[in-house]
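Trainee: would you be able to build a 3D model of this:
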Amino acid sequence: MKKALIHDWYYVNGGAEKVVHSLNNIWNDFEHFALVDFLNDADRNFILKGKKAKTTFVQKLPTAKSNHRKFLQLFPLAIEQLDLREFDLILSSSASIGKGVLVNQNQLHICYCHSPMRYAWDLYHQYLEDSKLNKGLKGLYAKWVLNKIRSWDFINSQRVDHFIANSNYIAERIKKTYNRDSTVIYPPVNIEEFELQKEKKKFYFTASRMVPYKKMEVIVKAFNEMEHKKLIVAGDGPELKRLKKIAKDNIEFVGFIESFQLKKYMQNAKAFVFAAEEDFGIIPVEAQACGTPVIGYGKGGLTETVIHDETGVFFYHQTSESIVDAVKYFETLTFTPEKIRKNAERFSKERFEREMYNFVNNKINDFFSIKKDK
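Mentor: Residues are numbered from 1 along each chain as shown. Below is the predicted model of the structure:
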């Protein structure tokens, strides 16, 4: 059986790429495809076991390496040029364009969906606002492109044989957006890399890319109001300079840090603070693996990984006032690091690989036994 693995794009080693890494642990005979592949050698060795993905014409466009997303209007055309006719199984890892590859009735297509295309659906208005594309001729063109993308995205979602969602939250979004049912298999978290530490220090910790939807600004503003509490902020991105300007002296920015440094901060932190509405959210699970409770936004995938009052506390508005109230409430509670760690173990890499193997093999057996009978 010939197998193809199609991922949206390769340029960073993020949560979606850790899913691809685990899929390569399960099956080592994939041929890889993507819109673009700009991985460095270290990330390529981890994610793709040293292999390169076959890519589309977007790979060769000027400035694609620095910003491939500006060619959004070409994505549907590009992804449909990938010729997968020789493959029996197509497994797509997609939050955008990957699941749009063309398949035929003799091929089984299973999509591990990190999310329906956010900027075309539920984050449409926020995307236009953040990109300053809600007015003028450029805005009109952007809206026209996204309208076309939405129509194309819905049509190609109907060509997928089976959807796997990375959380119940995303399963609901798949149903709402595509009117398709899905099976939930939580993504892999490398729990073993984040050892339990029982003794905590007095600082709070947060880490994220500094982009608007991560809501780092409301965390900074909340701790501006709590000048007697220390907050350490890790991460880089376009909002970093502005956040540094508004932050008071009790907030320390450490920028981009290596994974071993991230682990040390998470192990020692009094709590990990998280304000984004995430599809799943790997980093709050990593914090819990260290025995560190989470103070997080009570919406999205976080509600499936954090147990309120046991492994953390929720706040329900993405405002500084709501975070301040949550921190005050958090400090009235007592948490057990061992119990927090135990909760994180539900999301291990081994569990993901076992569930994916069983699901895909069952679907392969069902699909090709039906074809054989016919």
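
Trainee: residue 314 in helix, strand or coil?
Mentor: strand (DSSP: H, G, I helix; E, B strand; the rest coil).

Trainee: bridged to it, which residues?
Mentor: residue 296 (DSSP bridges).

Trainee: tell me the contacts of it?
Mentor: 296, 297, 298, 302, 303, 306, 308, 326 (Cβ atoms under 8 Å, 6 or more residues apart in numbering). For glycine as for every other residue, the C-beta is placed from the backbone atoms N, C-alpha and C.

Trainee: so how far is residue 287 from the last one?
Mentor: Put plainly, it is residue 326. As judged by Cβ to Cβ, to the nearest Å, residue 326 and residue 287 stand 15 Å apart.

Trainee: dihedrals phi and psi, the closest residue to residue 233 other than its chain neighbours?
Mentor: The shortest distance from residue 233 to any non-neighbouring residue, by Cβ to Cβ, 6 or more residues apart in numbering, is to residue 253 (5.0 Å). Backbone torsions of residue 253, given as degrees, to the nearest 10, read phi -100, psi 130.

Trainee: can you give me the strands for the stretch 201-350 of the chain?
Mentor: 204-207, 231-234, 251-255, 271-274, 294-297, 312-315 (DSSP state E, counting those that start in this stretch).

Trainee: in the stretch 201-350 of the chain, where is pLDDT below threshold?
Mentor: In the prediction, the stretch 201-350 of the chain carries no residues with pLDDT under 70.

Trainee: residues in contact with the closest residue to residue 205 other than its chain neighbours?
Mentor: Leaving aside its sequence neighbours, residue 205 sits nearest to residue 269 (Cβ to Cβ, 6+ apart; 3.7 Å). Counting by Cβ under 8 Å, 6+ apart, residue 269 touches 200, 201, 203, 204, 205, 232, 287, 292.

Trainee: show me which of residue 326 and residue 287 is the more surrounded one.
Mentor: residue 287 (33 against 24; other Cβ atoms under 10 Å).

Trainee: and stretch 171-178, what's its mean pLDDT?
Mentor: The pLDDT scores in stretch 171-178 average 96.

Trainee: what's the answer for stretch 185-195, then?
Mentor: Mean predicted confidence for stretch 185-195 is 94.

Trainee: before we move on, the earlier item: the residue nearest to residue 205 and residue 65: what is the separation?
Mentor: From residue 269 to residue 65 the distance is 35 Å (Cβ to Cβ).

Trainee: cool, and residue 284?
Mentor: Residue 284 is 31 Å from residue 65, by Cβ to Cβ.

Trainee: more neighbours: which of those two?
Mentor: residue 284 (28 against 11).

Trainee: list the contacts for the nearest residue to that one once chain neighbours are set aside?
Mentor: Excluding its sequence neighbours, the residue lying closest to residue 284 (Cβ to Cβ, 6+ apart) is residue 294, at 4.7 Å. Counting by Cβ under 8 Å, 6+ apart, residue 294 makes contact with 271, 272, 273, 274, 284, 287, 288, 302, 306, 311, 312, 313.
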